[in-house]
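Participant: How does the following fold in three dimensions:
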Amino acid sequence: MPSRASNEEFDLAALSNVAIEAAESASTALLARFRPPAGSPLELNYKGPGDVVTDADIAADRAIAEVLALRGAPGNVLSEESSIDKGDSRLTWLIDPLCGTLPFSSGLPHWGVNVALSIGDELEIGVVALPTCNVILGAVRGQGAYVNGVRLESREPPATPETSRSLSTPTDAASPPPNGPYRKLSRGCTASLPQLIRWDSCFRAVFTEPCSTI
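Facilitator: Numbering: from 1, shown residues only. Sure thing, here's the model as predicted:
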C-alpha cells in the first residue's frame, strides 16, 4: 500500500475538478435520454437477471471517458460498462455511469452518477451527481465534503420529537430471489440522497435472515 506521502505528487484538487466535470458531462447525456418520447425509446439489454443496461448507460460512460481523456487524467479506468488500462496501477478511476439503471429506465428520478479515484488502496476522491435534483456531492480525503461547491458542516440536532430520520439497508442484505428487482431499485434510491444533509440522523439496518414477502 502506498504511503500517504506518495499522494503528494498528485494534485487532488485538480483531479477532483476533473471528476466533477466528468460527472456533469454524464449527467447531461443521461438527462437527454431520461423519460424519452414514444418515438425514441431506450434501448434495453440485459447482462443478467434483473441487470439491465441501456443506451443511456453507454452514452454516460462514453461522456466520462471523453472528459478524462480531454483533461489528460492519469490512471486506469474501471467502469461498470468499460475499462481502460493505461498500465498505471497507482491510480484507478472507479466509475458507475448510471447508478440506478432500473429506476432510470422506469422513469423514476432515483438515479445518479458515481465517479471516484483511488490511489493504491486508498479512495481519495468521490463525486456523486444527482441530475434530477441538480445536486453534485463531492469529497476529497482530508479536505471535507461539499454539496454544489458549498462545504458541509455538522450541526447539533433538534430535540428528538422534532428530528427527521433516514433508514437504509445494504444491497448485500440477505433476501430471497424475488426481492432482486427491489434491491436493484434500492441502489438507485441510496444514490439519490442529497436529503441526507437535511436529516438529523441516519440508520443502517442489517438483516441476518431472509426478508419475508407478503
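
Participant: make it CA atoms for all contacts and neighbour counts henceforth
Facilitator: Will do.

Participant: Against which helices or strands is the top helix by length along the chain packed?
Facilitator: Longest helix in the chain, counting residues (DSSP state H): helix 12-31. Judged by 3 or more CA pairs under 8 Å, 6 or more residues apart in numbering; DSSP states H and E, helix 12-31 is in contact with helix 55-70, strand 91-99, strand 112-119, strand 122-130, strand 135-140.

Participant: Where in this structure is the helix or strand with the lowest mean pLDDT?
Facilitator: helix 180-191 (a mean of 43; mean pLDDT, DSSP states H and E).

Participant: So what touches the longest helix of the chain?
Facilitator: With contact meaning CA atoms under 8 Å, 6 or more residues apart in numbering, helix 12-31 is reached by 56-57, 59-61, 63-65, 67-68, 71, 73, 97-98, 112-116, 124-132, 136, 138, 140.

Participant: out of those, which are buried?
Facilitator: Buried by 16 or more other CA atoms under 10 Å: 56-57, 59-61, 63-65, 67-68, 73, 97-98, 112-116, 124-132, 136, 138, 140, out of the contacts of helix 12-31.

Participant: Show me what counts as buried in stretch 104-122.
Facilitator: Within stretch 104-122, the residues scored as buried using 16+ other CA under 10 Å are 104-105, 108-120.

Participant: what's S79 sitting at in phi/psi?
Facilitator: phi -110, psi 160 (degrees, to the nearest 10).

Participant: dump the residue contacts of it.
Facilitator: S79 is in contact with 61, 93-97, counting by CA under 8 Å, 6+ apart.

Participant: gap between Y146 and P37?
Facilitator: 35 Å (CA to CA, to the nearest Å).

Participant: Which of those two has more residues huddled nearby?
Facilitator: Y146 (16 against 9; other CA atoms under 10 Å).

Participant: For the helix or strand containing the more buried one, give the mean pLDDT please.
Facilitator: Here Y146 sits within strand 145-147, counting by DSSP states H and E. Averaged across strand 145-147, pLDDT comes to 94.

Participant: Likewise for stretch 103-121?
Facilitator: The average pLDDT within stretch 103-121 is 94.

Participant: One more: stretch 76-84?
Facilitator: Here stretch 76-84 scores 94 as its mean pLDDT.

Participant: so how far is the first residue of that stretch from its last?
Facilitator: End-to-end distance for stretch 76-84: 6 Å, by CA to CA.

Participant: Nearest residue to D96 in space, ignoring adjacent ones along the chain?
Facilitator: Closest residue to D96 apart from its sequence neighbours, by CA to CA, 6 or more residues apart in numbering: N114 at 5.0 Å.

Participant: My guess is the one you found contacts V127. True?
Facilitator: Yes. N114 is in contact with V127 according to CA atoms under 8 Å; the separation is 5.9 Å.

Participant: So, low pLDDT: which residues of this protein?
Facilitator: Within the chain, the segments meeting pLDDT under 70 span 1-7, 157-214.

Participant: Using the record's domain definitions, break it down for me.
Facilitator: 4-151, 160-204 (automatic domain parsing).

Participant: quick one, which of those domains is packed in tightest?
Facilitator: Looking across those with neighbours counted as mean count of other CA atoms under 10 Å, the highest average goes to domain 4-151: a mean of 18.
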